[in-house]
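**Q** sequence and predicted model, in that order:
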Amino acid sequence: MRIFSGIRPSGNLHLGNYLGAVKNWIELQNKPDTELAVFGVMDYHGITTPYDPKTYRNQVLSVATEYISAGLNPDGKKILLIRQSRVPQHTELAWLFNTITPISWLNRLPTYKEQLEKSPKYNHIGLFDYPVLMAADILAYKAGTVPVGADQMAHIDITNEIAKKFNSMFGETFSSVKVPKIEGARIMSLQNPNNKMSKTTSAGSGQAGDEAIMLLDTPDEVRNKIKKAVTDSGSEIKFDIKEKPAISNLLSIFSLVVNKEIPELEKQYSNKSYSEFKNDLAEVVVSFLKPFQEKYKEINSNPNEVEETLIKSEENAINIVSSTLKEVKEKMGL
Ligand code: AMP
Ligand code: TRP
C-alpha cells in the first residue's frame, strides 16, 4: 500500500482536522502493509487562494511541526513529510497532465466555483488547474490509497480520469486511486452546529474565532470557547442530532477525546447540568491537547530540526518521483 495525503497550509490545525483526518492518517503510517506513506504540506495549492507572503514560509513550517507533534513520524524512508514546492516534479507532472486534461472536466468541478465565489478577484488559471496538480501529487508516487474527506471526492475522480486517459494514450502506467473508508468524525462549529468546524470563520481565514478549538489554543482559550459554545433548548444531555445538534456535537468531541462510548457519557451526565458537562468537557480537552502542545513547544525550540526532517523526506521523495517522471516523459516522447 502506497499512501499519499496532503493538507493546505491555510491555517493551523483545529480539533476537527485532527479528529476527522490527521489522526486517521497517522494510524495508517504504521500499518504493516504500508510500503510508503507520504504526507504533504501543499504550499503550491495554498497560494491559489489569498495568503500573506510575509508569513507564509513560517506558516508552512508550523503546519509541518503540528503534524509531527500530532504523531506523524517521518523517518525519511518509509514515512515522508514534504513541502510540495520543494519537490518540483509535482508541478512538472502537472504540466504534462495539463496537456491531456480537457477543460470541460475542470469546468464542471464545484470546488472551483465555490472558491471563486469566496474570492472573486482570484480568478486565475492556478485555481482552475488545482485538481490537475492534485492528480500529479498523487500519481507521481503511484499512490493507490489517498485518505481525504468527502469534500475531496470530485478531485479524486479527476485523478482517476487523468490516470485512465494517460494509460489509454501512452500505455499502462498508473493504477486507480482509492479513498480508504475511515471512521473520521465530522466535528461541527461550537457556535453553529449546522456548520463544520472550520479554519475559515467570521474571524478571517486561519484565525478561528469561537467556532473552532485550535490544537494550539491555551487552556484558558479552550475553557472560554467551550463555555461560550451554543447549547440546545431543554437541559438533558442526550445525543440527538435533530433535536439537540449542539449537545450532540459536544458529546461526540467528549467521546473521541476520552475514548468512551456516547451512551456511557449520557449515563454519566444524566442528572447533571449543561454547565457541569461543559466544565468537564473543557478539562478533558485541555488534558488531551497538553501532550501535543508540549511536543510542539519542544520541536519548535529547534526549528532547524524540522527543516532537516523535511529536507531528508524531500530528498527521498525526489528520488521516488523522478523515476515516475522519467517513465512518463519517455512514454510521451520527451
Ligand atoms: P481543511 O481544514 O478544510 O483544509 O481540511 C483538512 C482535512 O481535515 C480534510 O481531510 C478534511 O476533511 C478534514 N476536516 C476539516 N474540517 C473538519 C471537521 N470539522 N470535522 C472533521 N474533519 C474535518
Ligand atoms: N485539496 C486538498 C484539500 O484541500 C489538499 C491536497 C492537495 C491533497 N493535494 C493533495 C490531498 C493530494 C490529498 C492528495 O484538502
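**A** Nice, thanks for sending it over. Ligands and ions are numbered 1, 2, ... in the order given.
**Q** phi, psi of the residue sitting furthest away from the middle of the chain?
**A** In the chain, counting by CA atoms, centre = their mean, Asn271 sits farthest out from the average C-alpha position, at 37.8 Å. Per-residue torsions, Asn271: phi -110, psi 20 (degrees, to the nearest 10).
**Q** how about the helices in the chain?
**A** 15-17, 23-29, 43-46, 53-69, 89-98, 103-107, 110-118, 125-139, 153-170, 219-228, 245-258, 262-268, 274-300, 303-331 (DSSP state H).
**Q** for these, which one ends up most surrounded?
**A** When these are scored by mean count of other CB atoms under 10 Å, the highest mean neighbour count falls to helix 15-17 (a mean of 24). The C-beta positions use only the backbone N, C-alpha and C, and glycine is treated the same way.
**Q** any idea which of the helices of the chain has the lowest pLDDT on average?
**A** Here the lowest mean pLDDT among these goes to helix 110-118, at a mean of 84.
**Q** tell me what Gly6 is bridged to.
**A** Gly40 (DSSP bridges).
**Q** quick one: contacts for it?
**A** Gly6 sits next to Phe39, Gly40, Val41, Met42, His45, Gln84, Met134, Asp137 when contact means CB atoms under 8 Å, 6 or more residues apart in numbering.
**Q** state the number of residues packed around the second one.
**A** If I follow you right, that is Gly40. Residue neighbour count, defined by other CB atoms under 10 Å, stands at 30 for Gly40.
**Q** which residues touch it?
**A** Phe4, Ser5, Gly6, Ile7, Leu81, Ile82, Arg83, Gln84, Asp137.
**Q** of those residues, which is the most crowded?
**A** Of the contacts of Gly40, with other CB under 10 Å as the count, Asp137 tops at 30 neighbours.
**Q** gap between that one and ligand 1?
**A** 14 Å (CB to the nearest ligand atom, to the nearest Å).
**Q** that residue against Arg8, yeah?
**A** No. Using CB atoms under 8 Å, Asp137 makes no contact with Arg8, being 11.5 Å away.
**Q** shared neighbours of the two, anything?
**A** Common neighbours of Asp137 and Arg8 (CB under 8 Å, 6+ apart) are Met42.
**Q** from Glu236, how far out is the residue farthest from the centre of the chain?
**A** 10 Å (CB to CB, to the nearest Å).
**Q** with distance to ligand 2 added, can I get the helices of the chain in TSV?
**A** Output for these, formatted as TSV (distance: least, CB to the nearest ligand atom, whole Å):
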stretch	distance to ligand 2
helix 15-17	10
helix 23-29	10
helix 43-46	5
helix 53-69	12
helix 89-98	9
helix 103-107	14
helix 110-118	8
helix 125-139	4
helix 153-170	6
helix 219-228	24
helix 245-258	20
helix 262-268	28
helix 274-300	21
helix 303-331	13
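**Q** so can I have a markdown table of the ones you listed showing distance to Ile182?
**A** Formatted as a markdown table, the helices of the chain follow (distance: least, CB to CB, whole Å):
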| stretch | distance to Ile182 |
| --- | --- |
| helix 15-17 | 14 |
| helix 23-29 | 4 |
| helix 43-46 | 21 |
| helix 53-69 | 17 |
| helix 89-98 | 24 |
| helix 103-107 | 27 |
| helix 110-118 | 21 |
| helix 125-139 | 17 |
| helix 153-170 | 13 |
| helix 219-228 | 26 |
| helix 245-258 | 13 |
| helix 262-268 | 19 |
| helix 274-300 | 20 |
| helix 303-331 | 23 |
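**Q** mind listing what Gly16 touches?
**A** Arg186, Ile187, Met188, Lys196, Met197, Ser198, Ala212 are the contacts of Gly16 under CB under 8 Å, 6+ apart.
**Q** number of nearby residues for the third one?
**A** In other words, Met188. Met188: 24 neighbours (other CB under 10 Å).
**Q** show me what from the chain comes close to ligand 1.
**A** 7-8, 16-17, 20-21, 148-149, 151, 184-187, 196-199 (CB under 6 Å from any ligand atom).
**Q** in the chain, which residue sits nearest ligand 2?
**A** Nearest residue of the chain to ligand 2 (CB to the nearest ligand atom) works out as Gly6 at 3.5 Å.
**Q** pLDDT wise, what is that residue at?
**A** 94.
**Q** repeat that for Glu183.
**A** On the pLDDT scale, Glu183 gets 67.
**Q** Ser205 now?
**A** 48.
**Q** just the one 5 residues further on next, same as before
**A** Asp210 carries a pLDDT score of 92 in this model.
**Q** residues touching the nearest residue to Lys331 once chain neighbours are set aside, list them.
**A** Among residues not flanking Lys331 along the chain, Phe170 sits closest, at 4.1 Å (CB to CB, 6 or more residues apart in numbering). Phe170 sits next to Val328, Lys331, Met332 when contact means CB under 8 Å, 6+ apart.
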